[in-house]
Each structure stands twice: as structure tokens, then as C-alpha cells.
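Student: no FASTA, just this:
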């Protein structure tokens, strides 16, 4: 079915990789730089897609990046490696016999971190540009043509530069450089003059800790565009080039509160992709129509049911216009929105379904050429079937019992009787419920098949090319996908498990590489990446690193081969304990630590027991206005503010309590455990002062003018003082 990844030993902390045919055998080879081992590893490609024994070439210092090119014009690929600790680059010239010559060093500025090669002065000799992290500069070294370089020319860029890209971004036929500056949230554009020199950097503000970049033509207008990853917010920015002012600024579009799902399609018949977003707390959907220039029109909002959580599109009334179906989790309904052809949805119809509907699919279940709907009801453990009629309306739903907490659905002919059947991923039971179609749209009693832990998504395709449909399930709880091979009679084999990234949330199948074999892509919510699994003939597993910001939740395959995923907020709950310690006894400290850990674990159990109560609380719009449970940044600020308030209350209460004992001085209050009376008790010396100082530093360095005023690193590193704060808090504790 699928082969597992093949691992090759290469070294410690591999930092960069390039691909080329180093031995002229028409097979791609690999060159990897290892930061800790100060070497370059060469892996020669074999006929069957595997690689040979690693060959080690030592270089100077800690290698941070590597680039490949013909630097001595002998038609053999060479390598240049940056050595961060030694402030040099090492050149390894390639021989025709699969080997490289001993390295040649050239000096750069301090801590060269990233490198790129190109002909900057149009002399047919390759040059290099090196990003120097400590000097906040870029060094340009013009090639002589024999593998050596001229003395570097240095250009100042922003604070903590991390990566560099090369291209003609202003359409003057001269190569330009762009550097990402992670410390000041900018990119520096250095326009090439054509003789190997560059203009002074032009800085553009973007994101929060920009790191990696890639250039390309993303909107097919012959103007070079740029993608910048945002390390702190875990998103990426697309900057569209216009050939004149270098870049258009990234465009952000406001939708409703707590967007929960998105669907992409052409809703106004202009052959451009539009977007529809469900807004969970606003009880609306937002429609964004494409302007045909890479931007969107002003948003249009439509009211639907309560807590919309999912949306699909199709032509439900046979007028060749894409309509919408929205699942409303909060009031147990679905909303049908009919398209007028211009991207507007003037007619909305609502239908009641089962308790807590969560997902929906559209297919023709009764073979009458009209689209029907299947809705998974999370709270009722049922699937509602709504048969479509000619005018786009639907009949009264018919419910079928499935496993506990149906979370995702897919349809296919699993028993080859020309009737569409259903498969439902049931999250609580860790099963797939299969409902075979009896004809005329009625279904047999569901049969359950085991999956992995917490199945969140399901898809169907013929993964083993036996003309029988199979199932693939993303298991969030154990970081796997389960593949259940179909027997062709509606029965499925014992699942096969394949490891994915952390927290697989959504799975989708399709022919992604045009080889007429179904492939599979899995979003990993916790690790924030994608896994692409290809069929057995491809014999590989590919990991595509996506900037994350966030959590990937859903995938869409669209007709123009663009892959889209959406990432809502990541939830993180932090619990703090404020206690005091009666005396500086090591055994008591350990006792209090044990008590805190016991309390913490007991709290976790309570959270697990009440998780569905919390789910209901999240649906309460009024409560969510005060406690932003679905916005991790706001919730983080909310908890931080609560800690601050409690710390002030704690300290002021001690001071007020101390006032009852006027015979003691303020120095007694600050540096002893007195007065140790009243309802709070005394102030533990030193640890309490340290806590106040640490908290004050964290609060001050979290202010907006620090974070966005060019001092982000100050904010970042002082925020890590929270670990010290928590440790000192344990020592400071008095009673549990």
C-alpha cells in the first residue's frame, strides 16, 4: 500500500540541503551540511530511488547553509558552505570522479547564516551573497571564475537577518536581493545595479519574526512575487510584485468573529476562485468575491443559524450556479443559500436535523439525478439524510444510528451495486460506521470497523488499484492514518496504520501528481505541517513544511491545482497556583511540589470529565465575549492579566495585613516572614521580591511599544522568564 520513509545517517544537527547530479549519472544526489559535525555529507542516488553510503567532507566551523553551482566554470557542480562560528565560507570544487577537492576558505562578516549564488555582475562567473546574523549585514563576494572570490562588499540590512532570496523584482533585467530580518519584523530589498553592486536596502515591515522566503510567479502576471514565513505567528505572507514598487503589501481580509471553516469555488462565474467563511460566534457567513487581480471585493455577510461550523457548495437547484449548505451546530439546523449567479445569496432556507450537527456531504443517494445531503449529528449519534427535490428544496430528514460522536462523512459505492453508500468517522468509539445503500436512498444498519484513536476525518479512494473503494481515516489521538482496504462487497479489512505528524486533523485524497493514482494529504494540527502520502508505485513519503500559525484544520483541492488550508486559533490553558511556604525546609518544598503536581493532574481529570460542558460553554456567545476561549492570543493576554491582578491583590493584602502590627517596620515586612497573623499570613523573604521583579519585567517588556518598536527580541527572551517565575513560585508557596 504505502512504503515507510527510509532514513539515512548523516550527522548531528543537519542545517541545510541541496540536490544536484554530482557524478553525472543522471540521478539526483544530495549534499547536506551538518552544523555540529562541521562537515558536508554526500549521498549519491541509486537507480531505485535510494541513496548510497554517506561520504564525509570536513569543512571549517559550524556549517549553517549550503549552495550549489559551477564556481570555476568546469561544468562540474561545486559547493559553497557557510561556517557560522569561523566567519568564513568554504568552497568545495567538484571533480569528475564523484569526489570534491579540499575546501578553500574566503572571509565574510560575523556569523554567516544563509547563502545564495547568482551572477550579479553579468560576467558569466557565479557570485555569492551571504547573510551575516551578528553584523546585521549582507556580504556580496564576486566570483573570479576559479573557485575563489574577491574581497566581500558589505551592505547593512535589518536586525537579525535570517535568509536571502535572489531575483529580478523590479523588471530591469538585473538581479536583486531580499533579506528577511527576524529581529525587527522587516524585509530588506537591495536592488541590483548590474555591475555587482547594490543600492542601499529598502525596508518593508512585515509580520512577526520573518524567517524563510521563497520567490515565484503566484498570480501568473509575469511579475516576481514573494512568500515570507512568519515564525512567531506561524503564518505566511504573500507579497505580490508589480515590477515597479517592488511589492504590494500583503492584504488581510476581515471576516466575522471566530471563523470556523472555509470553502473555495467560483460563485460569480468569472473563472476565479472566491471564498466563503463560516463565522461561529456571529451566526453568519462571509462571502469574498475575487476581483480578478488577486484581491477580493468588500465582504458580504449573510445570517444563518446559530454557531455555523461547516460549509459545502454545489448546484442544488440545477441552475448551473454554485449554492451553499451551512451546518449550524448551535440550533441543530442546516441553512441552504441559493446563488443568483452574481455571487449573491438572496434566498435562504433552513432545515432542522439532529442534535449538534457538525459535518455535511452532498451526493445522489437515491439515483434520481438530484443532489441529496447527509448530515452527521455529533450529539445524537445519527446521520440525517435529506433527499433533494427539483427546485433545490429538501424532504424531511431520515435519521440513521451510527457510532458515538459522528465527526466526518464520506460517500462511495463500497459494494459495487451502483448505489452510493456512507462511511462515518465516529470520534468517541474510534470506529468507522459503514451504512450500505439498500436502494431508493434507504440504508442498512451501520457496521463498525476499528480505526485509530479519535478519528477526525475520512476520505475514500481506490488506494491499491484493485477497482474496489478503500477508506482512509485521520486519527488525531495517536498521530496516524488508518487505511481500510475494501473487499468490494461492502466489507473492509483490518486497518493498516501509517504514522503522520502530530495531531492529524484532516485527510484528503486525489491525484496530486497526475499519475492516475490516488494520493493522500494529511494536515497535522499540533505540528502544523502537511504529510503527503503517495501510492505504492511512487514509494515515498514527502513532508511539506507549512508556516504555521496556526493549526491546519481543513484541506481543499480546487480545479486549478491550488491547495488551500485554514488554521483557526490554537487553544492553550495555563493554570497557576499561588501558595506560601512555612519554612525553608527541603522536604516541605518537595511536599509542596508534589501537592501542586497532584492538584494539576486532578485538574486535568476534571477538564477531561467536563470537556463536553466546556464545549457547550464555547457555544455561548455572551460568555465568549468575556472569556475568549477560541482565541489563543487573547486568552493568553486574559490569563496574564489575571495573574497580574492576583499578584497585586496578594501583595497588597499582605501589606494591609501587616498594618495591624505597627510595631514592625517596612524592612521587617520586606525581609522577614512576619507578621504571620491574620487571614493571609506573612511574606516569605527574597522569593516574594524576586517574583515581583520578574513579573514586572515580563509585564513591561510585553508592552506594545516594546514588541513592535524594534525590540521584539527583548519581549521574546524576557517572556521566557516565566519558567523562573514558576520555579520561584513553588519555593515561595506557604500553604497548599
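Tutor: Done, it's in. What you are looking at is a predicted structure, and each value in this text was computed from that prediction instead of being measured.
Student: list the contacts for residue 429?
Tutor: Residues near residue 429 by C-beta atoms under 8 Å, 6 or more residues apart in numbering: 403, 404, 405, 448. Yep, even glycine has a C-beta here, placed from its N, CA and C like the rest.
Student: ok, now which ones touch residue 274?
Tutor: Counting by C-beta under 8 Å, 6+ apart, residue 274 touches 264, 265, 266, 267, 268, 287, 288, 289, 290, 296, 343.
Student: just residue 351 next, same as before
Tutor: For residue 351, the contacting residues are 333, 334, 336, 386, 394, 397, by C-beta under 8 Å, 6+ apart.
Student: partners of the helix or strand harbouring residue 424 in the sheet?
Tutor: Residue 424 is located in strand 421-426, with elements delineated by DSSP states H and E. As defined by DSSP bridges, the strand partners of strand 421-426 come to strand 406-412 (antiparallel), strand 431-435 (antiparallel).
Student: and the least confident of the contacts of residue 274?
Tutor: Across those, the bottom pLDDT score, 73, is held by residue 296.
Student: how many other residues sit next to it?
Tutor: 16 (other C-beta atoms under 10 Å).
Student: repeat for residue 328
Tutor: Neighbourhood size, residue 328 [other C-beta under 10 Å]: 24.
Student: that one reaches residue 303, doesn't it?
Tutor: No: contact criterion C-beta atoms under 8 Å: residue 328 and residue 303 do not qualify, at 10.6 Å.
Student: intersection of neighbour lists for these two?
Tutor: Joint contacts of residue 328 and residue 303 (C-beta under 8 Å, 6+ apart) are residue 283.
Student: still on that earlier bit, out of the contacts of residue 351, who's the most crowded?
Tutor: Result: residue 334 is most packed of the contacts of residue 351 (other C-beta under 10 Å), 27 neighbours.
Student: element containing it, please.
Tutor: Here residue 334 is assigned to strand 333-338, by DSSP H and E.
Student: now do the contacts for the closest residue in space to residue 355 that isn't next to it in sequence.
Tutor: In space, and not counting its chain neighbours, residue 355 is closest to residue 379: 3.5 Å by C-beta to C-beta, 6 or more residues apart in numbering. By C-beta under 8 Å, 6+ apart, the residues touching residue 379 are 332, 354, 355, 356.
Student: for residue 391, same thing?
Tutor: residue 317.
Student: can you report how many residues lie near residue 706?
Tutor: Counted with other C-beta under 10 Å, residues neighbouring residue 706 total 15.
Student: okay, now residue 374: neighbour count?
Tutor: Residues lying near residue 374 (other C-beta under 10 Å) number 24.
Student: tell me if I'm right that it and residue 382 touch.
Tutor: No: applying C-beta under 8 Å as the test, residue 374 and residue 382 come out as separate, 10.7 Å apart.
Student: excluding its backbone neighbours, what's nearest residue 404?
Tutor: Nearest to residue 404 is residue 428, by C-beta to C-beta, 6+ apart, at 3.7 Å.
Student: just checking, which of the strands paired with strand 421-426 sits deepest inside the structure?
Tutor: Neighbour counts (mean count of other C-beta atoms under 10 Å) averaged over each of the strands paired with strand 421-426 peak at strand 431-435, with a mean of 24.
Student: what about the helix or strand containing residue 482, distance to the chain center?
Tutor: Element membership of residue 482 [criterion: DSSP H and E] is strand 480-484. With C-alpha atoms, centre = their mean, to the nearest Å as the basis, strand 480-484 stands 22 Å off its chain's centre.
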